[in-house]
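Peer 1: Pasting the sequence and the predicted coordinates here, then a few questions.
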Amino acid sequence: MLKTLMGDHAVTKQFKTRTGKFDFVEVKGSAAPFFKRVVRDHEFEVAEMAIMTYVIAKAFGTPYRMLPFAVLARFQHPFLVYNAARGALAPEDLHGKRVGVRAYSVTTGVWIRGILAEDHGIDINRVKWVTFEDSHVAQFRDPPNAERAPAGKEIGAMLLAGELDAAIMPAVPTDPNVKPVIPDPEAAGKRWGEKHRAIQLNHLVVVKNSVPQKTADEVYQLLVESKKAAGDPPMLPHGLEANRHNLEVAIDCAYKQKLIPKRFTVEELLR
């Protein structure tokens, strides 16, 4: 039995019905709280994994290889928000501002910083990033312009109280005063996709290096079957060539922010 970590997505719910080879850890909702146990403790043979966590862990020799299969992808533009009750805020206003994010290296945060730098001319080193926990990867260190929020503070409450100027959230808040910093984020995401001919990957699947290649191939095939059973959800490409450019763009985004020491090739992520 392969000890396996999977969150609750359309494809992974189908995958979890294929229980013959897998010992699934119980997950309610997102698998993200378990990612430290993957990259620090190497606890799982098969695991859902955030792309930015994985590429950072790869720089420190993580004993995992990636399968070219996405279980979560989305354009990140809607998830940078501000409290409109305290006045308007545009992306170009962020220099010198305090922006909350769960952890500096979290995948949504990395993508949004890339968007701000490339599309809005923001020097991300001139923003004060307020974090609430450390990176999944133990060896990673936040940059000097990041600070830890006081113990017990919560990102949404700090935003509403004016202790943060903006925040990167895991989901779009329902508070009517909380608005996206990037105007018309859906249209902005579409433009980004057209410009880069890519999607913004969030989570893929990794297998431990000790897992034989034949078994890894079987896992991949079960994922493909699970995707079909889930109705082929959009924006979830599978296969090396279908994901090659998406992965190259993700690697480049991480490298430009100095999260990794070199631009990995896609093949390096797969071995």
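Peer 2: Done, it's in. Numbering: from 1, shown residues only.
Peer 1: now R65, what's its secondary structure?
Peer 2: strand (DSSP: H, G, I helix; E, B strand; the rest coil).
Peer 1: same deal with T4?
Peer 2: strand.
Peer 1: Please apply the same query to L204.
Peer 2: strand.
Peer 1: same thing with L223?
Peer 2: Applying three-state DSSP: L223 is helix.
Peer 1: contacting residues for it?
Peer 2: Neighbouring residues of L223 by CB atoms under 8 Å, 6 or more residues apart in numbering: 11, 15, 67, 69, 71, 205, 238. Where C-beta positions appear, they are placed from N, C-alpha and C, glycine not excepted.
Peer 1: What about those, which are in helices?
Peer 2: 11, 15 (DSSP state H).
Peer 1: of all the contacts of L223, which comes closest to H42?
Peer 2: The nearest member of the contacts of L223 to H42, counting by CB to CB, is V205 at 15.6 Å.
Peer 1: List the residues that contact that closest one.
Peer 2: 46-49, 66-67, 69, 71, 219-220, 223 are the contacts of V205 under CB under 8 Å, 6+ apart.
Peer 1: partner residues bridging it?
Peer 2: E48, L67 (DSSP bridges).
Peer 1: any chance of the contacts of L223 in TSV, with distance to A31 too?
Peer 2: Shown next, in TSV, are the contacts of L223 (distance: CB to CB, whole Å):
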residue	distance to A31
V11	13
F15	12
L67	15
F69	14
V71	9
V205	11
H238	18
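Peer 1: Name the nearest of the contacts of L223 relative to G156.
Peer 2: V71 (25.9 Å).
Peer 1: so the closest one touches L236, yeah?
Peer 2: Yes - using CB atoms under 8 Å, V71 is in contact with L236, at 6.7 Å.
Peer 1: Can you pull the residues that touch both of these two?
Peer 2: V11.
Peer 1: residue boundaries of the helices in the stretch 51-200 of the chain?
Peer 2: Assigned by DSSP state H, counting those that start in this stretch, the stretch 51-200 of the chain shows helices spanning 51-59, 107-120, 155-161, 185-196.
Peer 1: highest average neighbour count across those helices?
Peer 2: Highest mean neighbour count among these (mean count of other CB atoms under 10 Å): helix 51-59, with a mean of 24.
Peer 1: so it versus helix 107-120, what angle?
Peer 2: Interaxial angle, helix 51-59 versus helix 107-120 (axes from the mean of the first three to the mean of the last three CA atoms, to 10 degrees): 100 degrees.
Peer 1: Which other helices and strands does helix 51-59 contact?
Peer 2: Using 3 or more CB pairs under 8 Å, 6 or more residues apart in numbering; DSSP states H and E as the contact test, the elements touching helix 51-59 are helix 35-39, strand 64-73, helix 107-120, strand 201-208, helix 240-256, helix 266-269.
Peer 1: sorry, back to before: and the helices of the stretch 51-200 of the chain: which comes nearest L270?
Peer 2: Nearest of the helices of the stretch 51-200 of the chain to L270, taken as CB to CB: helix 51-59 at 10.5 Å.
Peer 1: what does the closest one contact?
Peer 2: The contact list for helix 51-59, computed with CB under 8 Å, 6+ apart, reads 35, 39, 62, 64, 66, 105-107, 110, 135-137, 140, 201-204, 206, 247, 250-251, 254, 259-262, 264, 268-269.
Peer 1: let's see 6 Å
Peer 2: The contact list for helix 51-59, computed with CB atoms under 6 Å, 6 or more residues apart in numbering, reads 35, 39, 105, 107, 110, 136-137, 140, 201, 204, 250, 254, 259-261.
Peer 1: How far away from the center of its chain is it?
Peer 2: 10 Å (CA atoms, centre = their mean, to the nearest Å).
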